[in-house]
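Asker: I would like the atomic coordinates for the input below:
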Amino acid sequence: MTANWEIDTLENGLRVVTTSVPTAQSVSVNVFVGVGSRAEVTRTNGLSHYIEHMLFKGTERRKTSIDIAEAIEGAGGVLNAYTSQEITCYWNQVPFDKLPLAMDVLADMMQHSLLEQEEIDRERTVVQQEIRRAYDQPGAWASRLLSEASFGDQQLGWPVAGTVETVEEMNRQDFMDHIGTWYVPQNMVISVAGNTTHKAVVEETRKLFGELTGDAAPSIEPAKEGRPERNIIVEDRDITQSNLGMSLRAVSRTDPDRYPLTILNAVLGRGMSSRLFKEVRERRGLAYSIGSGVTRYNDTGVLSISAGVTAEHVTETTQVIKTELMKLVDDLVGNKEMTKARDYTTGSFRLSLESPMALAQRTGELLLMLGEIEPVDDIVERLKAVTAEDVQRVAQRLFRDDNLSMSLVGPGADASELAKALAA
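Answerer: Next up, the predicted model:
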């Protein structure tokens, strides 16, 4: 798949990026807004996510959520949205000849949603049920607690969806103020990929979004540095498996060490040939699921490890994970393992960009967050250039006792026992 992007900025400051894929049968239209849970205060925690729900609930021309869904699904397409700590994204994917409709529906939602009080109240229960569902999934809840153990009482430590209590107290004026502050042209990107041209996308965008106005969005408060005092959070539950999480504060979107960290993560916990999988699952039989991942924000990041084990294996699993971390600090990764990690990382990166949706997501997020889009081949070259010395240096930078946080949801969960295991 050959994909090249073009970028334009409209007169109102709205950026447009098109990735043309002439052989595709579809186009993916994505509207990115530079706002998420990091833009909230304690009382409004979850507001960005709640708004994401509400923009599907009816506009002046499409009165109900069913009208919006039928407009896209009736054309053979799909539509959805998501909210993270720093981004809200509304997207759809349709057959390529339906591009004008796809863009019109999103423009209508973004600018002409009714936000009727009756609908806000009805959706309040839906959002609260989504929060309750996360609580009822121990693995998801352990991840939620791990964010709090990693960042403490600040926005990155709060749940993106908020709590049942914060969602209960939000009112229509909160919605209007939030949208007026953040849903402004300079803080948005339209990203389209598929069988279309940049000219066609810019023309539709100018027609549909050209009248959008607003002042520049505020800046986001930087994350507080350092591990929180309460860095181990447990929840005792009468279930058959313990859900274990471990994290280390890591690097930002722009930190040069992001490339070595990506390779380090592949060595540590990505895939069935990673060290954690081989040691925890294959050699010791301690867990069915075990793995690691990296999340990068504008000013910080986190490396997280998750595992599902029986209660009697929590201590041993914790110690094994800690041992594997320290091996990366003390010893260089061998040539064969480094080659495999580089090939696995670059290969999976290329494979992740096989669809118009994936291409539009990548270009839109990068343009919004960084103001530029790094070519795929440049990233591949930087990943291939990572050495064993680079991996060890990053491990030494991040893998410190004073940078470790943990969460545990399961039977007999005990914070003091977990702290002992971590210190062993």
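Asker: per-domain residue ranges of the protein.
Answerer: Following automatic domain parsing, the chain resolves into domains at 4-209, 232-423.
Asker: make CSV out of the ones you listed and add distance to residue 218, mean pLDDT and mean neighbour count.
Answerer: (Glycine included, C-beta is placed from N, CA and C.) What follows is the domains of the chain, written out as CSV (distance: least, Cβ to Cβ, whole Å; pLDDT from 0 to 100; neighbours: other Cβ atoms under 10 Å):
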stretch, distance to residue 218, mean pLDDT, mean neighbour count
domain 4-209, 7, 98, 19
domain 232-423, 14, 97, 18
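Asker: looking at these, which is nearest to residue 221?
Answerer: For those, distance to residue 221 was read as Cβ to Cβ. The smallest value, 7.4 Å, belongs to domain 4-209.
Asker: tell me where the stretch 201-350 of the chain has helices.
Answerer: In the stretch 201-350 of the chain, the helices defined using DSSP state H, counting those that start in this stretch lie at 258-269, 275-276, 314-330, 335-351.
Asker: could you export those as CSV, including distance to residue 145?
Answerer: Listed next are those as CSV, based on distance: least, Cβ to Cβ, whole Å:
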stretch, distance to residue 145
helix 258-269, 19
helix 275-276, 20
helix 314-330, 15
helix 335-351, 28
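Asker: measure residue 122 to residue 129 for me?
Answerer: 12 Å (Cβ to Cβ, to the nearest Å).
Asker: nearest spatial neighbour of the residue most central in space within the chain, skipping sequence neighbours?
Answerer: Nearest to the geometric centre of the chain sits residue 84, at 5.4 Å (Cα atoms, centre = their mean). In space, residue 84 comes closest to residue 36 once its chain neighbours are excluded; the distance is 5.0 Å by Cβ to Cβ, 6 or more residues apart in numbering.
Asker: could you do residue 164 as well?
Answerer: Leaving aside its sequence neighbours, residue 164 sits nearest to residue 128 (Cβ to Cβ, 6+ apart; 4.9 Å).
Asker: and that neighbour, that's in a helix?
Answerer: Yes. Under DSSP: H, G, I helix; E, B strand; the rest coil, residue 128 falls within a helix.
Asker: for it, what are its contacts?
Answerer: By Cβ atoms under 8 Å, 6 or more residues apart in numbering, the contact set of residue 128 is 164, 167-168.
Asker: go through the residues you listed and flag which are in helices.
Answerer: Among these, the members found in helices (DSSP state H) are 164, 167-168.
Asker: list just the nearest of these to residue 56.
Answerer: residue 167 (16.5 Å).
Asker: that closest one against residue 129, yeah?
Answerer: No. Look at residue 167 against residue 129 with Cβ atoms under 8 Å: they stay out of range, at 10.3 Å.
Asker: contact partners for the residue nearest to the centre of the chain?
Answerer: 36-37, 160.
Asker: now do residue 283 against residue 276, distance only.
Answerer: Distance of residue 283 to residue 276, computed by Cβ to Cβ: 11 Å.
Asker: now residue 134
Answerer: 25 Å.
Asker: ditto for residue 366
Answerer: Applying Cβ to Cβ, the value for residue 366 to residue 276 is 29 Å.
Asker: residue 75 now?
Answerer: According to Cβ to Cβ, residue 75 and residue 276 sit 44 Å apart.
Asker: give the contact list for residue 113.
Answerer: 54-55, 57-59.
Asker: also residue 124?
Answerer: Residues counted as contacts of residue 124 (Cβ under 8 Å, 6+ apart) are 50, 167-168, 170.
Asker: just how off-centre is the host helix or strand of it within its chain?
Answerer: If you go by DSSP states H and E, residue 124 is part of helix 117-135. Centre-to-centre, helix 117-135 and its host chain are 21 Å apart (Cα atoms, centre = their mean, to the nearest Å).
Asker: pretty sure residue 33 contacts residue 86?
Answerer: No. With contacts counted by Cβ under 8 Å, residue 33 stays clear of residue 86, the gap being 10.1 Å.
Asker: the chain: strands as residue ranges?
Answerer: With DSSP state E as the criterion, the chain has strands at 4-9, 15-20, 26-33, 78-83, 88-95, 188-194, 232-236, 242-249, 287-296, 301-309, 404-410.
Asker: the last one pairs with which strands?
Answerer: If you go by DSSP bridges, strand 404-410 pairs up with strand 232-236 (parallel), strand 242-249 (antiparallel).
Asker: over to the first one?
Answerer: Paired neighbours of strand 4-9 in the sheet (DSSP bridges): strand 15-20 (antiparallel).
Asker: what's the answer for the third one, then?
Answerer: Strand pairing for strand 26-33, determined by DSSP bridges: strand 88-95 (antiparallel), strand 188-194 (antiparallel).
Asker: mind giving me a markdown table with the ones in helices among the contacts of residue 128 and columns for distance to residue 5?
Answerer: Formatted as a markdown table, the ones in helices among the contacts of residue 128 follow (distance: Cβ to Cβ, whole Å):
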| residue | distance to residue 5 |
| --- | --- |
| 164 | 41 |
| 167 | 37 |
| 168 | 43 |
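Asker: for those residues, which one is nearest residue 180?
Answerer: For the ones in helices among the contacts of residue 128, the nearest to residue 180 is residue 167 (20.3 Å; Cβ to Cβ).
Asker: let me see the contact set for the closest one.
Answerer: Contact partners of residue 167, counting by Cβ under 8 Å, 6+ apart, are 46, 50, 124, 127-128, 131, 161.
Asker: and residue 334, by the same measure?
Answerer: residue 388.
Asker: gap between it and residue 69?
Answerer: Counting by Cβ to Cβ, the separation of residue 334 from residue 69 is 53 Å.
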